[in-house]
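Asks: Give me the fold of what follows.
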Amino acid sequence: EYMAALLSSIMDSQDKVNFYISEATRMVIKVLPPDINQSGETFEAVGNQIVFGLVAVKNVGKNAIEAIHNARKEGGAFNSIQDFTSRVDLSSVNRRTIESLIKAGAFSSINSNRAQLLQMLDPCYSHGQSVQKDLNSSQVSLFEIGEDAGFDIKNIVIDTPDTDDFSDKEKLALEKEYLGFYVSGHPLDEYRSTIKKRVKYQISDLPNLKDKMRTRIAGIITKAERKPTKRGQTMAYCTLEDLSGEVEVLVFPNTLEKYYDLVKADSYVMIDGSLQLQDDG
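Replies: From the prediction side, this is the model:
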């Protein structure tokens, strides 16, 4: 509970959340992606696990979270995406919100195949709108007439397509895009032992090191932008991320020329260099 409260208090700081997620993993406390059947607004402790809050998901606002909570409280846990779209107030939870929840992994306890869920989203959303329109209508509708004849729109079942799921790498990329963090794993997990042998410091350690100190860090380049210098050479500004956080890295022309093909997004690198602290620390 303490770790969940701590993570909730620093949700606005990506580096700090990354650091404490890493610490939780080290303490054998599993941090889970958001879950439509378990998550509250912020981080919550569930047994010896911590579940991401729904507010962390891109395009998910407080009105949507309240609508999800109300539907869950009134009718219990959701058992399918069709059940979700039929019961949640779609005037508060729009299609874009549900798509974001799927991509962030929030439906994984119901169906772990995110590609399948995305294919089902449009027909389920349309069905949910029809169900809710029918329920909220104050007049006799065609659906009600049909119901008298033994037809009930609520009984329509959306077919589940035979679709291959995203790869683990693609799922992690979606988590990064829609949560801002890797949760179910990390692209560097398979390199942990190698990094531990060859690298002394993590990115989270850098603020505590001395200025001009030479050090080595390893990680993934998540962003890379090349720019010309006044002398007509090319340098690069990169964002490097490891298991503890991220840092901006400046690559000078001579180094860039030597490692040109490596200085790009999604490249796994080890960087040796002098630590130049910024004025803001």
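Asks: What ranges does the stretch 101-250 of the chain have for its strands?
Replies: 214-228, 234-241, 246-251 (DSSP state E, counting those that start in this stretch).
Asks: Looking at the helix or strand just after the shortest one now, give me its mean pLDDT.
Replies: What that stands for is strand 246-251. Where DSSP states H and E defines the elements, the next helix or strand beyond strand 246-251 is helix 253-258. Mean pLDDT, helix 253-258: 91.
Asks: what's helix 253-258 packed up against?
Replies: Contact here means 3 or more CB pairs under 8 Å, 6 or more residues apart in numbering; DSSP states H and E; on that basis helix 253-258 packs against strand 234-241. C-beta coordinates here come from the backbone N, C-alpha and C atoms, glycine included.
Asks: For the strand it packs on, which strands pair with it and how are they oriented?
Replies: strand 214-228 (antiparallel), strand 246-251 (antiparallel) (DSSP bridges).
Asks: What residues of it count as buried?
Replies: Neighbour counts using 16 or more other CB atoms under 10 Å place Met235, Ala236, Cys238, Thr239, Leu240, Glu241 of strand 234-241 among the buried residues.
Asks: Could you do stretch 163-182 as well?
Replies: Those would be Phe166, Lys171, Leu172, Ala173, Leu174, Glu175, Lys176, Tyr178, Leu179, Gly180, Phe181, Tyr182, for stretch 163-182 by 16+ other CB under 10 Å.
Asks: and the buried residues of strand 234-241 as TSV, adding distance to Val249?
Replies: Shown next, in TSV, are the buried residues of strand 234-241 (distance: CB to CB, whole Å):
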residue	distance to Val249
Met235	11
Ala236	8
Cys238	5
Thr239	7
Leu240	5
Glu241	10
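Asks: Pick the one among these closest to Arg216.
Replies: Using CB to CB, Leu240 is the member of those that lies nearest Arg216, at 11.6 Å.
Asks: Name all residues that make contact with the closest one.
Replies: Ile203, Ile217, Gly219, Ile220, Ile221, Thr222, Glu246, Val247, Glu248, Val249, Val269, Ile271 (CB atoms under 8 Å, 6 or more residues apart in numbering).
Asks: quick one: which of the residues you listed is nearest Phe19?
Replies: Distance to Phe19, by CB to CB, is smallest for Ile203 among the contacts of Leu240, at 9.0 Å.
Asks: Check whether that closest one really touches Val247, as I assumed.
Replies: Yes - between Ile203 and Val247 there is a contact under CB atoms under 8 Å: 4.8 Å.
Asks: Common neighbours of the two, please.
Replies: Ile217, Leu240.
Asks: before we move on, back to that, identify, out of the strands of the stretch 101-250 of the chain, the most deeply packed stretch.
Replies: When those are scored by mean count of other CB atoms under 10 Å, the highest mean neighbour count falls to strand 234-241 (a mean of 19).
Asks: Could you pull up the mean pLDDT of that strand?
Replies: 93.
Asks: Then stretch 118-130?
Replies: 95.
Asks: Mind listing what's buried along it?
Replies: Those would be Leu118, Gln119, Met120, Leu121, Pro123, Cys124, Tyr125, His127, Gly128, Ser130, for stretch 118-130 by 16+ other CB under 10 Å.
Asks: and what of stretch 9-26?
Replies: In stretch 9-26, the ones that count as buried by 16+ other CB under 10 Å are Met11, Asp15, Lys16, Val17, Asn18, Phe19, Tyr20, Ile21, Ser22, Glu23, Ala24.
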